[in-house]
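A.B. asks: Have a look at this prediction, sequence included:
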Amino acid sequence: MKTLVRYCLRLTLCLIGLGLCFSLTFSVQQTFAVEGQALPKNWKKISLQKMKVRVIDGDTFDADLNRNGKFSNPEERIRLLYVDTPELSKSHKGKDPKFGLPAKGFLSSVLAKSKAVLWIDPKNRSGNYGRLLAVLEVKGHNINLALIKRGHSYFDARYAWPADFKTYAKAEAYAFEKHLGIWSFRKSRKRYLLRLRKEGKTVYSHKNPYFVSKIKNAQEINLSKYNGRFIRVRGKIKKIKTLGKGAKLIFLNHKRMKKGLPVISFENQRKWLGLEKIRKGDVLQIEGFATLYKQKQWQIRLHRAVLLD
């Protein structure tokens, strides 16, 4: 009896898997029809045509780059940039096969297509564990972007900052507002929004309860009213204070705060955002979470900043 039950269970799982792959095969073209490009420029191009690949999860796969019939981990392991799909194995982020399996299925489906190409930034080739960081292009379309727009992943600029930030942010907002993938259920939406907040990021959507869409004046804002929410402020730099380990406090002019409105920033952020040479008097649009540091000082935890004319 137990053997029969196990057999039925395996048969059911196989049928579900086949149905998932079948639906993904037909949905790929629908994704391509609505996706923008946002493909890299002046990056190294590697063709995957007729190359053996092995998909690990929705954002990672192995490719036989040496064409020797073997996978040399990590030299031939590819980590897609700007995405972070749900985990299929144990992780500090938690295991989430409900959404992780469709993400893996989608990546498997597009890699089965011809004319798959990897784009590698020569200035930022590898990330954690030595994996190659890349944007995947299939038939002229950005698969990293497609993963976000279909709700298979949130937008993650942890390893690098895309030149076309707005396109990725809009793709994420689209999936969020259409309740796709990880954004399709209330509990899942809350879980991934909280994960993003922990990482200092959020979904740029007016339907996101943590996101304040209206841009505020840095001189007048009261950060205590926006505790734990993602805000955008514009203001002029009053002074910059250097801290340890590459951190800097950027103070913006503020009517009631003598030292100024503090924004905590880190070296890699300033490098990616082109803020390495900012100085007193520059006007910035700052984006990030309002936080109370050590229960004493209100500040903004920087996610993104734009230097204004």
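C.D. replies: Received the coordinates, thanks. Numbers count the residues shown, from 1 in each chain.

A.B. asks: Is D59 in contact with A103, as I believe?
C.D. replies: Yes. Using Cβ atoms under 8 Å, D59 is in contact with A103, at 7.4 Å. (Each C-beta comes from the backbone N, C-alpha and C, glycine too.)

A.B. asks: Now do the strands in the stretch 101-250 of the chain.
C.D. replies: Secondary structure of the stretch 101-250 of the chain (DSSP state E, counting those that start in this stretch): strands at 116-120, 132-138, 141-142, 154-155, 216-217, 230-242, 248-252.

A.B. asks: Tell me how far G274 lies from K170.
C.D. replies: 21 Å (Cβ to Cβ, to the nearest Å).

A.B. asks: circling back: with mean neighbour count and mean pLDDT as added columns, please give the strands of the stretch 101-250 of the chain in JSON lines.
C.D. replies: Shown next, in JSON lines, are the strands of the stretch 101-250 of the chain (neighbours: other Cβ atoms under 10 Å; pLDDT from 0 to 100):
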{"stretch": "strand 116-120", "mean neighbour count": "20", "mean pLDDT": "95"}
{"stretch": "strand 132-138", "mean neighbour count": "22", "mean pLDDT": "95"}
{"stretch": "strand 141-142", "mean neighbour count": "24", "mean pLDDT": "94"}
{"stretch": "strand 154-155", "mean neighbour count": "26", "mean pLDDT": "97"}
{"stretch": "strand 216-217", "mean neighbour count": "15", "mean pLDDT": "97"}
{"stretch": "strand 230-242", "mean neighbour count": "18", "mean pLDDT": "97"}
{"stretch": "strand 248-252", "mean neighbour count": "22", "mean pLDDT": "97"}
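
A.B. asks: L302: which of the ones you listed is closest?
C.D. replies: strand 248-252 (7.7 Å; Cβ to Cβ).

A.B. asks: Flag the shaky bits of the chain, pLDDT-wise.
C.D. replies: For the chain, the stretches with pLDDT under 70 are 1-36, 91-92.

A.B. asks: nearest residue to G151 other than its sequence neighbours?
C.D. replies: Counting by Cβ to Cβ, 6 or more residues apart in numbering, G151 lies nearest to G181, which is 2.4 Å off, once chain neighbours are set aside.

A.B. asks: In terms of neighbours, single out the busier of G274 and K170.
C.D. replies: K170 (19 against 12; other Cβ atoms under 10 Å).

A.B. asks: Contact partners for that one?
C.D. replies: Residues near K170 by Cβ atoms under 8 Å, 6 or more residues apart in numbering: Y204.

A.B. asks: And the one 10 residues further on, by the same measure?
C.D. replies: L180 makes contacts with K149, R150, G151, Y174, as judged by Cβ under 8 Å, 6+ apart.

A.B. asks: Just give me the neighbour total for P40.
C.D. replies: Quick note: P40 (other Cβ under 10 Å) scores 20 neighbours.

A.B. asks: isn't it right up against L133?
C.D. replies: No. Counting by Cβ under 8 Å, L133 is not a contact partner of P40; they are 10.9 Å apart.

A.B. asks: what sits in contact with each of these two?
C.D. replies: D121.

A.B. asks: can you list the domains in the protein?
C.D. replies: 11-198, 216-308 (automatic domain parsing).

A.B. asks: of the ones you listed, which approaches S205 most closely?
C.D. replies: domain 11-198 (4.1 Å).

A.B. asks: so how far is the closest one from its chain's centroid?
C.D. replies: Its chain's C-alpha centre and that of domain 11-198 lie 10 Å apart, by Cα atoms, centre = their mean, to the nearest Å.

A.B. asks: And for stretch 290-308?
C.D. replies: Going by Cα atoms, centre = their mean, where stretch 290-308 is centred and where its chain is centred differ by 20 Å.

A.B. asks: For the remainder of this discussion, apply numbering that starts at 49.
C.D. replies: New numbering, starting at 49: the last item is stretch 338-356.

A.B. asks: what's that stretch in contact with?
C.D. replies: Contacts for stretch 338-356 (Cβ under 8 Å, 6+ apart): 213, 248-250, 271-272, 274-279, 281-282, 297-298, 309-314, 317, 321-323, 326, 330-337.

A.B. asks: who does I334 bridge with?
C.D. replies: Beta-bridge pairing of I334 under DSSP bridges involves V281, A353.

A.B. asks: next one: T108
C.D. replies: D105, R127.
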